[in-house]
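[1] 3D, please:
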Amino acid sequence: MMNRSIRGALLAAITTALLAGSVLPATAATGCRYPEVVAGHADTLHPEGATWDAVHHRFLVGSLRHGTVSVVAPDGSAATLVDDPEVLVSIIGLHVDAARGRVLVANADPGAGLRTSPGTFHRLAGVGAYDLATGRRLFYVDLAAVAGDGGQHFANDLAFGPDGTAYVTDSFAPVVYRVGVDGAASVLLRDARLAAPGGGFGLNGIVRQGGWLVLGKYDDGTLWRVRIARPTEVSQVRVATAPGTLTGLDGLLRRPDGTLLGVTNELGAAGHDAEVELRSDDDWRTARLTAVHPSPDQAPTALTPGPADTTYQLSGRLDLLFAGTPSDAFTLRRV
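    Next comes the predicted model:
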């Protein structure tokens with residue numbers, strides 16, 4: 001029989017090995033509770049955007065249908081965090097500012113939400129900031145009023161600077177907005193080259209790459225870079241790829257290694273349902289397409305960081321919503 005001291009030493013050694021992760025499964029070692037495929041289910045939620053809340057270790061999605069923000073559990077169930085019917089119609093992009101304990105949402109009206117109205121349809125562009133713990137509104141800013149042109153507007157996606165300043169794309173106007181941490185907003189740039197022909201869907205995804213913003217245009221799949229400190233310095237990124245490969249370019253995500261990930265779809269353009277990867281060696285003057293992965297899910301619209309340095313792709317089945325057949329299903333899939 002093993003004596004007490006030897007048995008104690010052996011147990012200590014086993015415990016040390018377990019804590020070091022040498023024999024733990026990856027999910028246990030990293031604390032990742034989310035499966036590779038999160039089969040979301042909620043009453044016609046139809047999320048367009050998703051983000052990772054590193055403060056509470058959970059996914060958040062924004063509902064295009066209901067104009068709310070929901071917490072998604074590992075089993076795919078969803079619970080409402082933000083519901084602000086006074087101002088929110090359809091949530092498009094959203095982004096967690098973990099350092100300040102808030103989530104920012106881009107608000108628009110594509111006409112498929114329960115709160116759509118003739119006065120806001122294709123004219124609404126706004127950004128709201130909400131407390132991550134309570135969902136309480138911190139501020140809301142009317143970006144269409146900031147644009148001041150009386151035209152069509154559609155707030156789409158957001159990116160953050162290190163000081164908490166948000167940069168927001170407008171899909172119906174060739175405009176990028178700047179929103180301070182206090183909600184003070186202005187037009188960062190307005191450039192006719194960023195408009196879609198015939199007033200279609202133009203600017204979409206946005207990421208910050210150092211001192212630059214990289215913008216994606218949905219209608220033609222082009223990428224553009226903007227110097228934040230000198231926003232009149234706007235140029236198209238020359239991408240080495242076959243024509244049409246990036247058409248329908250929707251959400252963008254910057255990986256820590258500098259790789260730019262994106263999703264394409266055919267919701268409103270002649271694109272394909274896919275995840276694409278691009279890299280640049282010259283501060284995004286030029287870029288090369290390094291991978292194209294056909295999407296197993298229809299109509300992907302966004303990519304988000306996930307737990308343990310993973311990346312997830314969102315399909316909120318907007319194809320079904322826009323076809324008039326709402327669904328309760330959505331998917332977050334590890335890529």
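
[2] Quick one: neighbours of residue 281, just the number.
    Counted by other Cβ atoms under 10 Å, the residues lying close to residue 281 total 10. The C-beta positions use only the backbone N, C-alpha and C, and glycine is treated the same way.

[3] Residue 296 now?
    For residue 296, the count of nearby residues is 14 (other Cβ under 10 Å).

[4] what's the helix or strand for residue 250?
    Using DSSP states H and E, the element containing residue 250 is strand 249-254.

[5] Okay, angle between the following helix or strand past that strand and strand 249-254 too, please.
    For strand 249-254, the succeeding helix or strand toward the C-terminus, using DSSP H and E, is strand 260-264. Relative orientation of strand 260-264 versus strand 249-254 (axes from the mean of the first three to the mean of the last three Cα atoms, to 10 degrees): 160 degrees.

[6] coming back round to it: note down every partner strand of the strand holding residue 250 and its orientation.
    strand 260-264 (antiparallel) (DSSP bridges).

[7] After the partner strand, which helix or strand is next?
    strand 274-279.

[8] Tell me the gap between that following strand and the middle of its chain.
    Here the centre of strand 274-279 is set off from its chain's centre by 15 Å, with Cα atoms, centre = their mean, to the nearest Å.

[9] so the helix or strand that comes right after that strand versus strand 274-279, what angle?
    Downstream of strand 274-279, the first helix or strand assigned by DSSP H and E is strand 286-294. Strand 286-294 runs at 150 degrees relative to strand 274-279, counting by the same axes, to 10 degrees.

[10] The following helix or strand past strand 286-294 vs strand 249-254, what angle?
    Using DSSP H and E, the next helix or strand after strand 286-294 towards the C-terminus is strand 300-305. Here strand 300-305 runs at an angle of 10 degrees relative to strand 249-254 (the same axes, to 10 degrees).

[11] Give the pairing partners of strand 300-305; include direction for each.
    Strand 300-305 has these strand partners (DSSP bridges): strand 311-315 (antiparallel).

[12] residues in contact with the helix or strand following the partner strand?
    For strand 311-315, the succeeding helix or strand toward the C-terminus, using DSSP H and E, is helix 318-322. Contacts with helix 318-322, where a contact means Cβ atoms under 8 Å, 6 or more residues apart in numbering, come from 44, 46, 48, 64, 65, 112, 267, 298, 299, 301, 326, 327.

[13] So for the strand holding residue 250, mean pLDDT?
    The average pLDDT within strand 249-254 is 97.

[14] What is the distance between it and the centre of its chain?
    Computed by Cα atoms, centre = their mean, the chain-centroid distance of strand 249-254 equals 7 Å.

[15] quick one: contacts of it?
    Applying Cβ under 8 Å, 6+ apart, the contact partners of strand 249-254 are 49, 93, 157, 204-209, 214, 216-218, 221, 223, 260-265, 267, 271, 276, 300-305, 311, 314.

[16] in stretch 215-231, what's buried?
    215-228, 231 (16 or more other Cβ atoms under 10 Å).

[17] Residues in a beta bridge with residue 278, which ones?
    Beta-bridge pairing for residue 278 (DSSP bridges): residue 260, residue 289.

[18] next one: residue 125
    As for beta bridges, residue 125 partners with residue 108 under DSSP bridges.

[19] OK, contacts around it?
    Counting by Cβ under 8 Å, 6+ apart, residue 125 makes contact with 106-108, 142-144, 147, 153-155, 168, 170, 172-173, 177.

[20] hang on, residue 205 packs against residue 260?
    No: if you go by Cβ atoms under 8 Å, residue 205 and residue 260 don't touch, sitting 9.3 Å apart.
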